[in-house]
Each structure stands twice: as structure tokens, then as C-alpha cells.
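Enquirer: curious how this folds, go ahead:
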Amino acid sequence: MSASLPSGPFSSQTVFSIPELAIVIVSHLHPPEFLSCAQVCRQWHEVVLPFLWETVDDTLYSWPQILKHYDADDSKGKKDEDWLHNAFVKHGHLIRHLSLSWKASIFAAGLSGQCTNLLSLSLRTSVLNKTVKESQARSRAMSLTPEEGGRTEGERRQLGVTGPLLLPEFEGLFLPRAAMWRTIAEQEQDWTTNQHLWQLVRSNSALRTLRLALSEAELCKVAKVEGVYDILSSLKEINYLGSTEYAILLDRLLERVPTIRHVQMDSARVGEDFTTRTYHGLQTLAIKGFVDIKLFLKLLHSIPNLEHLRLIAIDYHHDEYRHVATHLNNTPSRLKGLHFNIGASFDFGKLAEHILPWLPDLSELTLGLLDAVTAKALVTYCKGLQVFRGARDLQSTFLLDYAREKPNYLEVLLQECRQLKIVDAICHRVDADRLLALPWVCHDLEVLHVHIAGVHQLNKAEQKDFGSITSRRQGQEVQQLSDRDLGILEKHKRCQDQQQKILAQLGLMTHLRVLDLGFEWRKLDPVILLAHYEINGKKYAHYTNPYTDTMDLTLESGLGQLVDLVNLEVFGFEGIRHRIGAQELEWIAVHWPRLRVMRGLQEDLLPMLQPDAKRTELRKRMQTLRPNVRHQSLLQVPESY
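Expert: Down below sits the predicted model:
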């Protein structure tokens, strides 16, 4: 059987066999579509099945529902325990990328013994991922008081029971965790599941990526970390390790597993002799914690080829930072990226003038608070700076209201760093007047995500009167205009002139792919903490209003000066009091052919929010003009909502 494709990248004469056709189209499908294709006929089944099982993530598609109910009474004979086990037995050899977060799936994959061709493996546990019986057992255990036969706190804190060892190599390697609310059967099951987890790791010698996000609150503890090094050293091609909780020493890891290039750890741990050796292989290191200044400098010294270092912040409560030259043996670091995952509470300025002179190759910096000292040090010592990002530990710009009147030094980078390509720092304010006083030199920018504030606007009363004044002026009734009216017209003209000049500067950056001038502005407190109001008997939460000193983004105020941004893919104006209307949307639809994401007209998901009819109308209009453009927000609404 064969088929021809009438259109697309192939000529009308192109003929494919069924297997060839399946391979051609499979890259355009999602896993649920793979399944439908695999059920068409035997040939399709044989060709598509490997694609269907190549990547398995038990947090996606129907997996969570299956795993939650696989041990329920009504699952017998359906997608139950036998089905789960048989699925991995039958198809495990096809899986290349496996991500598991349910204890049931970890157990089944390990028990099958067939998942031996993995390239990446992600193992994590979540207290939220409970099956029906696990949830019922926990509920029963928690409902009983000690007087009713329940466990006391002391009993729950005692170590749980163990089960048999599956391999002699596991002797003494693990310890059971505290019993807590688990039954004896569950404790034995967790002991066995933990061993299957490590069997899964051991049986995939070709693994390149391993993520172990397993806390000591789940499964078992590791009694001898040396056994972990032994297992990791057997993975001859591993180059990425993400680990939490395990007391792994970075230097010991790099010694035992020399193929490692990328490491992510919960906290930085090194041995006493860390500085006596040099570790040339490691390229990126991410630490989910604070790092002492002395250890920070040790890392730069002992890992000379380190390119990217990510951490929460540097703890500099002593004066070691004044002796950088000594710690680095007078040798500049080759570090290219330094990333701090913390907001405005971390003052890097105390360290910048001491550390940045030793980072001449630094091209990327992530930082929550950019002060004058850091900005000056960057333009002085890091001439090749290409990327500046603000730390994303804030849910919205609301929390930065307190700093809106304080000096902001992002402009220093924009005015002096010619090689900048990415500025992703919405929580950093750029003042409109200073922008115009000192033009930006970074005309090769590809991503610009900042908050331009200080734009002159009519106040609420003036805006209300402006329409009436304009109508009278157009009706040749100028003589009826008062001095106040003329003042409003003059102020409006000044406002428009300022915005036109700003947009003219933005229009020079013809390489822009992302122009995002806003972010969610509302305070994301739980709804019960917000003030409320009522309209027609319906209750709404009173969120804060958008910022008023931002741009209109109308054709009148100069939007048309962005006509040369033909590469623009993302345009954002969320959280600013814009006046975009139907005309502006029509202009955008025509002049930005590559646009694929718009932020500012998306459906609002915050609870108890009064519907915005105008916003809905504009979104529908844009969807008509450009159906391919997605409307979305950068905001991730907290799960508690």
C-alpha cells in the first residue's frame, strides 16, 4: 500500500509506503495522536509504537489518573497493577527518556527489568501522588488517636521496617525512614521500591542524564554515600546529574565520575582537600542554596573550566571577598554566566567591585537588584556582557512598588553595553525621561522585557474632560476653551511627544524577537485577604489597578514607529494601562507577520475577578485577525488559588 501527498513540502508525485509515511508525519504528532495512529493497522502499529513509548512522563496525559486508581477495587481487570507491570515489561525496551514521580510507576518500571535502553532518567517523589489505597490508609492512620489505638508522635518518628535485599551489593547501603503514617506493608513496599529505583539506575549504563529529586521524607535514606558513587561511576556516558538530599561531596563525585559536565545540587558540599586538586571537566554547576564567599571563590579556583554557576546568593558575612586575588591565585576565572536566584533582598554591590574584575569573560548575569556599584563594575570589567536577567522569585511587579521611586541602574547597561542581546528584567524600572536623555546603544537587542515607567499621562479628571475638549475644538468652538482646557490639550501633546520619542528609540532595535513591556501587576494574596465589592448581587475581589505612568501603545502615540520590527515573535503589555484598540490590532496583524504570542489580552484566571468585556472583545478581534497568535500570561497562578 502507498499514498501520495497532494500539498506541503513534497511534490504531488511523492509516493510513500505506509511505514515511510508514518515516519514522515510522526514528528508533527503528540503522544495521544501516536496511540491513535498505532491502532490503525499492523504496519502503522509497528512503525509508530517506538515513538509512542520513546518518552514516558507519568505526570502527563492520562498517567496520573491511571496511577491514582490502579489499585482501586473497580480497576481490577482494567488498568490495574497487572496492566501497569505488563506495560513496562512489553514496551520498556523502547523507552529512551523516562520521568517517574509515582512510587507505583517507579516500582513497576524497576520490577519489569526491561527499561535498559534509557538515555535520560528522572526519578522524583511527591507527597501529592497518592493512589486510592495509599490515601485511604493515610486517612485511617491519621484519624485514630493514641487512645483509640493510633500511633503516638514518638512511634511515628521511629525508623520503619525493612524487607529483603534484592541484590547483595545493596547490603548496608540503605536505611529505612521514619514510619510516620505508613502501615507495615507500605514500609516494606517502600523498601523494595527504593531498591528497584537503584536497580533501574544500575541497569542503564548508557545513561547521559540522571535526576534524583528524592527527599529523605520518601522511600529510604542512603547510609553509605560511597555506594552511590559506585553506582554512578558505572554509568560511563553520564554527563548530567541532578541530586537532592543525598550528602554527595562535589569533589568526590567529580573524582569518581569524570564524565560529569553538569551538576545540580541542593547545597554545596566539598571535602576538606577540595582546593588541592583541579577539576577540569565540570562546565555548569547549580546549587539550590546560599554559598559562603570562601567556598564560592574555591569553586572558581578549583573548577577552571566552569562556564555557568547558579546559586541563590553569596553569604558574605566576613571579609574573604577582599582577598579574591589570593583565593584565585591571581588567575582570572573563565566563568561566562553568574546567576543569582533571589530578588531585591540580595545586595551584590558589596561584592561586585571585588569579584567582577576577576570575571572578564562574563557574558551573562542574573541578579534581582542592580545597584550603582554593580552597574559600574559590569560596564568597566565585563565588556562582553550580552545577557542580563532579573531574578524571577517574585510572582508579580506589585512587590516592587516600594522601590518605584528609588534610583534604578538598568539604564546604565542599556546606555553603555553595546553587545547586549537579552534584557529580561521586568522587575527593573526604566525611567522614560532618562531613556530619552541618554539613548541606548544596544541596537542588537533580541529580547527586551522591562518596565518603562515615568511616562507623562493626563490624570483621571483630565482624561475624562479630554474627549469633550477635543470635540469642541473640532467643532470650531476654540473660543469656548478655557485656560484649563488649553492646558489639558498642551499636556496631552507633551505626553504624546514623549511616547513617540520612546517608541522611535525602540523602533531602532530591528533584531527584537521579544518586546515585553509588562507583567502581572496585581497583588496575589489569597482572595479572602482582599477587599471585596458587589455589583448586581455578585461579589468580586478588589485587586490593585494597573500602573498609570506607562505607555498608551496607540497609533497616535507612535506605535507605527515599530514598523521595522518584522522579526517580532512576542509582544507584551500586561499590567500597563494601555489604550490599544481595534485599529492597533489591525496594524499589528499586518506589520508583525512572525508574531506568535501576545500578553495582555489573555483570559484572566484570577478568582473573583470582574469580567473585562473590552478585553474579551479585543482578544476575539485579534483571534479573528491572527488565529495563530496565542494569548497567555507570564504569571503562573499559585495552586492554592
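
Enquirer: just the buried residues of the one helix or strand residue 461 maps to, please?
Expert: Element membership for residue 461 (DSSP states H and E) is helix 460-474. Neighbour-count burial for helix 460-474 flags 462, 466, 469 (criterion: 16 or more other CB atoms under 10 Å). Glycine gets a C-beta too; all of them are placed from N, C-alpha and C.

Enquirer: I'd like the average pLDDT over that helix.
Expert: Rounded to a whole number, the mean pLDDT of helix 460-474 is 77.

Enquirer: and for stretch 545-552?
Expert: Stretch 545-552 comes out at a mean pLDDT of 86.

Enquirer: what is the end-to-end distance of it?
Expert: Taking CA to CA, to the nearest Å, stretch 545-552 runs 15 Å from one end to the other.

Enquirer: after the lengthiest strand in the chain, which helix or strand is next? Please name it.
Expert: Using DSSP state E, we find that the single longest strand of the chain is strand 422-431. Going down the chain from strand 422-431, the next helix or strand is helix 432-437, by DSSP H and E.

Enquirer: what helix or strand does residue 90 sit in?
Expert: helix 81-91.

Enquirer: hmm, who's touching that helix?
Expert: For helix 81-91, contacts defined as CB atoms under 8 Å, 6 or more residues apart in numbering pick out 49, 53, 66-67, 70-71, 104-105, 108-109, 111-115.

Enquirer: just the buried subset of the residues you listed, written out for ChimeraX, thanks.
Expert: Those of these that count as buried under 16+ other CB under 10 Å are selected in ChimeraX with:
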select :49,53,66,67,70,71,104,105,108,109,111,112,114,115
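
Enquirer: starting at the chain centroid, how far to stretch 617-624?
Expert: 28 Å (CA atoms, centre = their mean, to the nearest Å).

Enquirer: for stretch 300-319, same thing?
Expert: Distance, centroid of stretch 300-319 to centroid of chain: 22 Å (CA atoms, centre = their mean).

Enquirer: what are the buried residues along that stretch?
Expert: Per 16+ other CB under 10 Å, stretch 300-319 contains these buried residues: 300-303, 306-314, 316.

Enquirer: looking at those, which are in helices?
Expert: Using DSSP state H, 300-302 are the members of those that sit in helices.

Enquirer: reformat these as a markdown table; add distance to residue 164.
Expert: As requested, these are exported to a markdown table (distance: CB to CB, whole Å):
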| residue | distance to residue 164 |
| --- | --- |
| 300 | 47 |
| 301 | 47 |
| 302 | 43 |
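
Enquirer: just the closest of those to residue 184, please.
Expert: Using CB to CB, the shortest approach to residue 184 within those belongs to residue 302, at 47.2 Å.

Enquirer: and the closest one, what is it in contact with?
Expert: 251, 274-275, 277-279.

Enquirer: now with 6 Å, please.
Expert: 274-275, 278-279 (CB atoms under 6 Å, 6 or more residues apart in numbering).

Enquirer: quick one, which of those are buried?
Expert: For those, a burial check counting by 16+ other CB under 10 Å picks out 274-275, 279.

Enquirer: would you turn these into a markdown table with pLDDT?
Expert: Shown next, in a markdown table, are the buried ones among the contacts of residue 302 (pLDDT from 0 to 100):
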| residue | pLDDT |
| --- | --- |
| 274 | 91 |
| 275 | 87 |
| 279 | 96 |
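
Enquirer: among those, which lie within strands?
Expert: Those of the buried ones among the contacts of residue 302 lying in strands (DSSP E): none at all.

Enquirer: three-state assignment of residue 218?
Expert: State at residue 218, reduced to three classes by DSSP: H, G, I helix; E, B strand; the rest coil: coil.

Enquirer: actually residue 129, not the one I wrote
Expert: Using three-state DSSP, the structure places residue 129 in coil.

Enquirer: how close does it get to residue 288?
Expert: 21 Å (CB to CB, to the nearest Å).

Enquirer: out of those two, which sits in the busier spot?
Expert: residue 129 (20 against 15; other CB atoms under 10 Å).

Enquirer: backbone phi and psi for that one, please?
Expert: Backbone geometry at residue 129, expressed as degrees, to the nearest 10, gives phi -90, psi 80.

Enquirer: past the lengthiest helix in the chain, which element shows up next along the chain?
Expert: As assigned by DSSP H, the longest helix anywhere in the chain is helix 483-507. Note on helix 483-507: by DSSP H and E, the next helix or strand toward the C-terminus is strand 514-516.

Enquirer: just to revisit the earlier point, could I get the buried residue list for the longest helix of the chain?
Expert: Within helix 483-507, the residues scored as buried using 16+ other CB under 10 Å are 485, 488-489, 491-492, 495-496, 498-499, 502-503, 506-507.

Enquirer: ok, now stretch 617-637?
Expert: Here stretch 617-637 shows 618-619, 621-623, 626, 629, 631, 633-635 as buried, counting by 16+ other CB under 10 Å.

Enquirer: also stretch 409-428?
Expert: Taking 16+ other CB under 10 Å as the criterion, stretch 409-428 shows 409-417, 420-428 as buried.

Enquirer: let me know the helix or strand that residue 67 is in.
Expert: helix 63-69.

Enquirer: any idea which helix or strand carries residue 354?
Expert: Short version: residue 354 belongs to helix 349-355, going by DSSP H and E.

Enquirer: contacts for the next helix-or-strand element following that helix next, please.
Expert: Using DSSP H and E, the helix or strand that follows helix 349-355 in sequence is strand 364-366. Here strand 364-366 makes contact (CB under 6 Å, 6+ apart) with 337-340, 387-389.

Enquirer: can you list the strands that strand 364-366 pairs with?
Expert: strand 337-340 (parallel), strand 387-389 (parallel) (DSSP bridges).

Enquirer: and the very next helix or strand once past it, what does it pack onto?
Expert: The first helix or strand that comes after strand 364-366 along the chain, using DSSP H and E, is helix 372-381. Contact analysis of helix 372-381 by 3 or more CB pairs under 6 Å, 6 or more residues apart in numbering; DSSP states H and E lists helix 349-355 as its packing neighbours.

Enquirer: distance between the helix it packs on and the chain's centre?
Expert: 28 Å.

Enquirer: the longest helix of the chain - contacts with which helices or strands?
Expert: With contacts taken as 3+ CB pairs under 6 Å, 6+ apart, helix 483-507 sits against helix 460-474.

Enquirer: just the C-alpha atoms of the helix it packs on, please, in PDB.
Expert: What follows is helix 460-474, C-alpha atoms only, in PDB (Å, rounded to 0.1, in the frame of the first residue of the first chain):
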ATOM      1  CA  LYS A 460      -8.200  60.800  35.700                       C
ATOM      2  CA  ALA A 461     -10.100  64.100  35.700                       C
ATOM      3  CA  GLU A 462      -8.100  65.500  32.800                       C
ATOM      4  CA  GLN A 463      -8.600  62.300  30.800                       C
ATOM      5  CA  LYS A 464     -12.400  62.500  31.500                       C
ATOM      6  CA  ASP A 465     -12.500  66.100  30.100                       C
ATOM      7  CA  PHE A 466     -10.200  65.500  27.200                       C
ATOM      8  CA  GLY A 467     -12.800  63.900  24.900                       C
ATOM      9  CA  SER A 468     -15.200  66.800  25.400                       C
ATOM     10  CA  ILE A 469     -12.500  69.400  24.700                       C
ATOM     11  CA  THR A 470     -11.400  67.600  21.500                       C
ATOM     12  CA  SER A 471     -15.000  67.600  20.300                       C
ATOM     13  CA  ARG A 472     -15.400  71.300  20.900                       C
ATOM     14  CA  ARG A 473     -12.100  72.000  19.200                       C
ATOM     15  CA  GLN A 474     -13.100  70.000  16.100                       C
END
